[in-house]
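Asker: take this sequence and fold it.
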Amino acid sequence: MKSLAMAWFAAASLSVMFAAAAPGGAAGADTGGMGTAVVPTETIYPGDIINKGQLEEVEVTNPNLTGDYAKRIPEVTGRVSKRTLLPGRTISISSLRQPYAVTRGSNVRLVMSMGTMTITAAGTPLDDGAVGDSIRARNMDSGIIVNGTVLENGTIRVVAK
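Answerer: Alright, predicted model coming up:
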């Protein structure tokens, strides 16, 4: 029984070697258009902002690889990890977020526009928020809690109720 298993293993090994050496064999095979995947070159921890020096693009060789993994470095650069990313493992897009433009407890400017009238006030966010997020903030003068959208410059556009 043991010699049968060894003979099978030897035959399988030889067939792999011949397929790899043959023109158009496994070594020269096209990956079938599977493309690339982005993997870290070092451990990236939750809360870290990812830079391109920590990443590399590798050829996808596993035909069973599916999901929302990053395929190009620009998809990942500048984003923040929500979980630990290990070297050589694909990066799931859902494990990343945009960096926060405003942080809870900081000082921000609240802006409300109605027609040609614009009202600004000092405020403090009650939540962390990335650009485009809807968050709550407290008006520092009145103490009223308002809802608004985080803008690129770190201000919050208040929506009328």
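Asker: tell me the pLDDT of the residue nearest the centre of the chain.
Answerer: Centrality entry for the chain: nearest residue to the mean C-alpha point is residue 96, 3.1 Å, by C-alpha atoms, centre = their mean. If you check residue 96, the pLDDT there is 95.
Asker: you'd agree it is up against residue 81?
Answerer: Yes: at 6.3 Å, residue 96 counts as touching residue 81 under the criterion of C-beta atoms under 8 Å. Any C-beta I mention is one placed from the backbone N, CA and C, and that applies to glycine too.
Asker: shared neighbours of these two, anything?
Answerer: Common contact partners of residue 96 and residue 81 (C-beta atoms under 8 Å, 6 or more residues apart in numbering): residue 50.
Asker: contacts for stretch 121-136?
Answerer: For stretch 121-136, contacts defined as C-beta under 8 Å, 6+ apart pick out 97-110, 137-142, 145-152, 156.
Asker: cool, and stretch 54-66?
Answerer: Applying C-beta under 8 Å, 6+ apart, the set of residues contacting stretch 54-66 from outside is 31-32, 34-42, 44, 72-73, 76-77, 90.
Asker: output it in PDB with nothing but the alpha carbons.
Answerer: What follows is the C-alpha trace of stretch 54-66 in PDB, where atoms were taken according to Å, rounded to 0.1, in the frame of the first residue of the first chain:
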ATOM      1  CA  GLN A  54       3.800  49.000   2.400                       C
ATOM      2  CA  LEU A  55       2.200  47.300  -0.700                       C
ATOM      3  CA  GLU A  56       2.900  45.300  -3.700                       C
ATOM      4  CA  GLU A  57       0.800  44.000  -6.600                       C
ATOM      5  CA  VAL A  58       1.100  40.200  -7.200                       C
ATOM      6  CA  GLU A  59      -0.300  38.000 -10.000                       C
ATOM      7  CA  VAL A  60      -3.400  36.100  -9.000                       C
ATOM      8  CA  THR A  61      -2.800  32.400  -9.400                       C
ATOM      9  CA  ASN A  62      -5.700  31.000  -7.400                       C
ATOM     10  CA  PRO A  63      -8.800  30.600  -9.700                       C
ATOM     11  CA  ASN A  64     -11.000  30.300  -6.600                       C
ATOM     12  CA  LEU A  65     -10.000  33.800  -5.200                       C
ATOM     13  CA  THR A  66     -13.200  35.900  -5.200                       C
END
